[in-house]
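# sequence and predicted structure, then a few things I'm wondering about:
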Amino acid sequence: MTTLRVLGSAAGGGFPQWNCNCPNCDGVRRGAVSAVPRTQSSIALTENGLDWLLVNASPDILAQIRATPALQPARERRDTGIAAVLLMDAQIDHVTGLLMLREHQRRLPLYATEPVLADLSDALPLARVLSHYCGLDRHRLPLDGEPLHIAPLQRATITAVPLDSKAPPYSPNRHAPRRGDNIGLRIVDTATGRRAFYAPGLGRITPDLMEELRGSDIVLVDGTFWVDDEMLRLGLSNRTAAQMGHLALSGAGGMIELLDALPASRKILIHINNTNPILDERSPQRRHLDARGIEVAWDGMEIAL
Ligand code: MLT
Ligand code: MN
Ligand code: ZN
């Protein structure tokens, strides 16, 4: 069986965010809202429970490993269950955890698209920095729709699906998008034929993507913001969700409307920003999701494919 474990279900900044006193962050610190803290965006996939493909390397990776004993199978004096890392974009919340893995005993296998590898060689040169530690064994993820066998997974295939979202603010391509700046993953368990689609950053739904989602048994998608102007309303930023590469949940053409139209047996929101009212389990927005069978990912959630 292929198991997908959510290591971090929050967007960049985590929940609560260190410098934030929005109603959610302040409320969870004081115990005044019914919500659980969440670390920054990452999942891991395994088939045997011992060897894992880490998908995104969160700045919270060390805390995530501590919270997940299965990631430390302790077979040798120095060991890890993390056999390889795949990155879905070059955002800070998805890549900076690589620095924390620098004590790895061999070159760390890393899978990412060409634009992401370029950002990590240049604008945020983690590859060069890490060459002085464990080093990275870099593999370019193709965007031709080919299903890939990525060790340690044997029965699950991974297909990179290019998405409309945004390169990171530091990238020279923030305003000059390249195909492969952001990807979603189609994960297929070839023994059962069951299919999951994972996309923590999803800015726009194209007809192709709609087909992809319709064909998925499990969708695990961008739940960053409730409304497009969430950060503006709270006075926290002057950028809309769309400008950050995220499709908001509510309203016409929003993620909830899209999920309602899908046959998937599980619809799960992930990469939740700390400002999002769905984090409060007693909020009307959360009840709205509950009534539609839409789940909100939490750190430690396990999904069997
Ligand atoms: C995003 O996906 O927009 C990020 O969470 C931004 C960040 O890491 O700061
Ligand atoms: Mn992010
Ligand atoms: Zn906050």
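Okay, I see it. Ligands and ions are numbered 1, 2, ... in the order given.
# every contact and neighbour count from this point should use C-alpha atoms.
Noted.
# what segments of the chain are strands?
3-8, 42-46, 52-55, 82-86, 108-112, 136-140, 156-162, 183-189, 195-199, 218-222, 266-270, 294-296, 302-304 (DSSP state E).
# please identify which of those strands is closest to residue 246.
Closest to residue 246 of the strands of the chain is strand 218-222 (CA to CA; 7.0 Å).
# for ligand 2, what's its nearest residue on the stretch 51-200 of the chain.
For the stretch 51-200 of the chain and ligand 2, the shortest gap (CA to the ion) falls at residue 93, measuring 5.4 Å.
# report how many residues lie close to that residue.
Neighbour count of residue 93, defined by other CA atoms under 10 Å: 23.
# over to the one 3 residues further on?
Residue 96 is flanked by 19 other residues according to other CA under 10 Å.
# check residue 142 too.
18.
# list the residues that contact the closest residue in space to it that isn't next to it in sequence.
Of all residues not flanking residue 142 in the chain, residue 113 sits nearest, at 6.7 Å (CA to CA, 6 or more residues apart in numbering). Residues in contact with residue 113 (CA atoms under 8 Å, 6 or more residues apart in numbering) are 88, 140, 141, 142, 143, 180, 181.
# my read: the last one touches residue 171, true?
Think residue 181. No - taking contacts as CA atoms under 8 Å, residue 181 lies outside contact range of residue 171: 9.8 Å.
# compare those two and say which is more crowded by neighbours.
Neighbour count, other CA under 10 Å: between residue 181 and residue 171, residue 181 has more, with 28 against 22.
# gap between that one and residue 42?
17 Å (CA to CA, to the nearest Å).
# the contacts of residue 113 in helices, which ones?
Using DSSP state H, no member of the contacts of residue 113 falls in helices.
# got a markdown table for the residues you listed, with pLDDT and distance to ligand 3 too?
What follows is the contacts of residue 113, written out as a markdown table (pLDDT from 0 to 100; distance: CA to the ion, whole Å):
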| residue | pLDDT | distance to ligand 3 |
| --- | --- | --- |
| 88 | 98 | 24 |
| 140 | 98 | 35 |
| 141 | 98 | 34 |
| 142 | 98 | 36 |
| 143 | 98 | 35 |
| 180 | 97 | 30 |
| 181 | 97 | 27 |
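# and these as a markdown table, adding distance to residue 155?
Listed next are the contacts of residue 113 as a markdown table, based on distance: CA to CA, whole Å:
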| residue | distance to residue 155 |
| --- | --- |
| 88 | 21 |
| 140 | 21 |
| 141 | 18 |
| 142 | 19 |
| 143 | 21 |
| 180 | 25 |
| 181 | 27 |
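# quick check, nearest of the residues you listed to residue 298?
Closest to residue 298, out of all of the contacts of residue 113 and judged by CA to CA, is residue 88, at 19.5 Å.
# any idea how far ligand 1 is from that closest one?
Using CA to the nearest ligand atom, to the nearest Å, residue 88 is found at 11 Å from ligand 1.
# residue 90 too?
Following CA to the nearest ligand atom, the distance that separates residue 90 from ligand 1 is 9 Å.
# and the closest residue to that residue other than its chain neighbours, what pLDDT?
Spatial nearest neighbour of residue 90, chain neighbours left out: residue 116 (5.3 Å); criterion: CA to CA, 6+ apart. The model reports residue 116 with a pLDDT of 98.
# same thing with residue 214?
98.
# again with residue 165
With respect to pLDDT, residue 165 has a value of 89.
# what's the neighbour count on it?
For residue 165, using other CA under 10 Å, the count is 26.
# got a list of what it touches?
When contacts are counted by CA under 8 Å, 6+ apart, residue 165 touches 181, 182, 201, 202, 203, 204, 244, 245, 246.
# among those, which one sits closest to residue 216?
residue 202 (15.9 Å).
# what sits against that closest one?
By CA under 8 Å, 6+ apart, the contact set of residue 202 is 163, 164, 165, 221, 222, 245, 246, 247.
# if we go to 6 Å?
165, 222, 246 (CA atoms under 6 Å, 6 or more residues apart in numbering).
# ok, and of those residues, which contact ligand 3?
Contacts with ligand 3 are made by none of the contacts of residue 202, judged by CA under 5 Å from the ion.
# tell me the one of these nearest residue 6?
For those, the nearest to residue 6 is residue 222 (13.6 Å; CA to CA).
# and that closest one, how far is that from residue 43?
13 Å.
# I'd like to know which of the contacts of residue 165 are buried.
181, 182, 201, 202, 203, 204, 244, 245, 246 (16 or more other CA atoms under 10 Å).
# could you pull out the helices for the stretch 201-305 of the chain?
All helices of the stretch 201-305 of the chain, identified by DSSP state H, counting those that start in this stretch, fall at 207-214, 230-233, 255-260, 284-292.
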